[in-house]
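Predicted model, plus sequence, below.
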Amino acid sequence: MPGGRLTQQERQQIALGLADGLAYAEIARRLDRPTSTITREVMRNGGPTAYRAEVAHRATERRAHRRTQAAPRGAEAPAQAYGRDAEAVREYEETFTTVMMASGMTTMTARVMACLTLTDSGSLTASELVQRLQVSPASVSKAIAFLESQGMVRRERDEGRRERYVVDDDIWYESMMASARSTAQVVEIARQGVGVLVPGTPAATRLENVARFLDFVSEAVARAAEQAREILQTKSATTPDGAAEPSPDKP
């Protein structure tokens, strides 16, 4: 399997594959590249409908140039626990960040979410995030505020009374429930509009259809989240004790 950066010719093949409606896995197979490489490449350069090989190639060269200028002399990738490949972890974090951006997050919010999610402890302080991401405290604070509003991060105090930002197994459940509640508010507003626009008129009928559709979806999402949480917690509780767990390699 070839390593290194994608070539311009490979990017052209990616563009052709996307135009033909091929899945990322199939494009990756044809190029003998990991699927994660293709996913990251496409999502960070406009997505499947806007990907352009020439534009992507130039953008990648600019990013590489900026990283070279910004990297301090002698900088090395931080040591990884559990014998992980540091470069593979870095690349995966980029992929995770890119997918979060495609879901609607800003770049900084996606970076903070990826950093927290991929940390074994699942929690970091503001200063740790600033250090890891090499960004300003204000940028971290803004990203955390958004993630909290979506139920994706919670705050807690550690023994030293420092505030930590946490993601855990319940975070995605809380996020889904927050999304369902937000959708329910849209449903309520849409139904209010039916009365304002007079029931039976085209605009009112449209709003009624919106309300019915979103009401059904929000209830289904909430119900599925509850069921998934119950099932997964039950499986976790019945896992046999004494299962061996990997240990971090000592530096």
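Arrived safely, thanks for sending.

what does the domain assignment say about this protein?
8-65, 86-166, 171-237 (automatic domain parsing).

Let me know which of these is the nearest to Q80.
Closest of the domains of the chain to Q80 is domain 86-166, at 4.9 Å (criterion: C-beta to C-beta). From N, CA and C alone the C-beta is placed, and that goes for glycine too.

Could you dump the domains of the chain into a markdown table and include mean pLDDT, distance to Q80 and mean neighbour count?
Formatted as a markdown table, the domains of the chain follow (pLDDT from 0 to 100; distance: least, C-beta to C-beta, whole Å; neighbours: other C-beta atoms under 10 Å):
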| stretch | mean pLDDT | distance to Q80 | mean neighbour count |
| --- | --- | --- | --- |
| domain 8-65 | 88 | 17 | 16 |
| domain 86-166 | 89 | 5 | 16 |
| domain 171-237 | 91 | 23 | 14 |
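
which residues does R191 contact?
Contact analysis of R191 by C-beta atoms under 8 Å, 6 or more residues apart in numbering lists L207, E208, A211.

Quickly name whichever of the residues you listed is closest to T97.
Once C-beta to C-beta is applied, the member of the contacts of R191 that ends up nearest T97 is A211, at 35.2 Å.

That closest one touches V187, doesn't it?
Yes. When contacts are counted by C-beta atoms under 8 Å, A211 is listed as touching V187 (4.9 Å).

In this protein, which helix is the longest?
The single longest helix within the chain, with elements called by DSSP state H, is helix 202-237.

and P246, what pLDDT?
For P246, the pLDDT comes out at 59.

Quick check: Y51 is in a strand.
No. Counting by DSSP: H, G, I helix; E, B strand; the rest coil, Y51 is located in no strand; its state is coil.

For it, give me its contacts.
By C-beta under 8 Å, 6+ apart, the neighbours of Y51 are I14, A15, L18, V42, N45.

Among those, pick out the one closest to R52, please.
So of the contacts of Y51, ranked by how close each gets to R52 (C-beta to C-beta), first place is A15, at 6.6 Å.

Show residues contacting stretch 124-133.
With C-beta under 8 Å, 6+ apart as the test, stretch 124-133 has contacts from 111-112, 115-116, 135-137, 139-141, 144, 162-165.

Report the two of those separated the most.
R111 and R162 (21.2 Å).

now the strands for the stretch 51-200 of the chain?
123-125, 154-157, 163-166 (DSSP state E, counting those that start in this stretch).

Dump these to CSV, plus distance to Q8.
Listed next are the strands of the stretch 51-200 of the chain as CSV, based on distance: least, C-beta to C-beta, whole Å:
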stretch, distance to Q8
strand 123-125, 38
strand 154-157, 45
strand 163-166, 40
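
Assess the claim that S139 and M108 are in contact.
Yes. Between S139 and M108 there is a contact under C-beta under 8 Å: 5.1 Å.

before we move on, back to that, looking at the contacts of stretch 124-133, which are in helices?
Among these, the members found in helices (DSSP H) are R111, V112, C115, L116, P137, S139, V140, S141, I144.

how much space between the fourth one and R132?
I take that to be L116. Noted for L116: a distance of 10 Å to R132, by C-beta to C-beta, to the nearest Å.

so who does the spatially most central residue of the chain touch?
Centroid-nearest residue in the chain, with C-alpha atoms, centre = their mean: M100, separated by 2.7 Å. M100 makes contact with T109, A110, M113, A114 under the criterion C-beta under 8 Å, 6+ apart.

and the third one, what is it in contact with?
M113 makes contact with T97, M100, M105, A143, L147, M152, V153, V167 under the criterion C-beta under 8 Å, 6+ apart.

Identify the farthest-apart pair in these.
T97 and V153 (15.3 Å).

still on that earlier bit, which among the strands of the stretch 51-200 of the chain is found nearest to E61?
E61 sits nearest to strand 123-125 of all the strands of the stretch 51-200 of the chain, at 31.8 Å, using C-beta to C-beta.

Neighbouring strands - and their directions - for the closest one?
Next to strand 123-125 in the sheet, as set by DSSP bridges, lie strand 163-166 (antiparallel).

Noted, bye for now.
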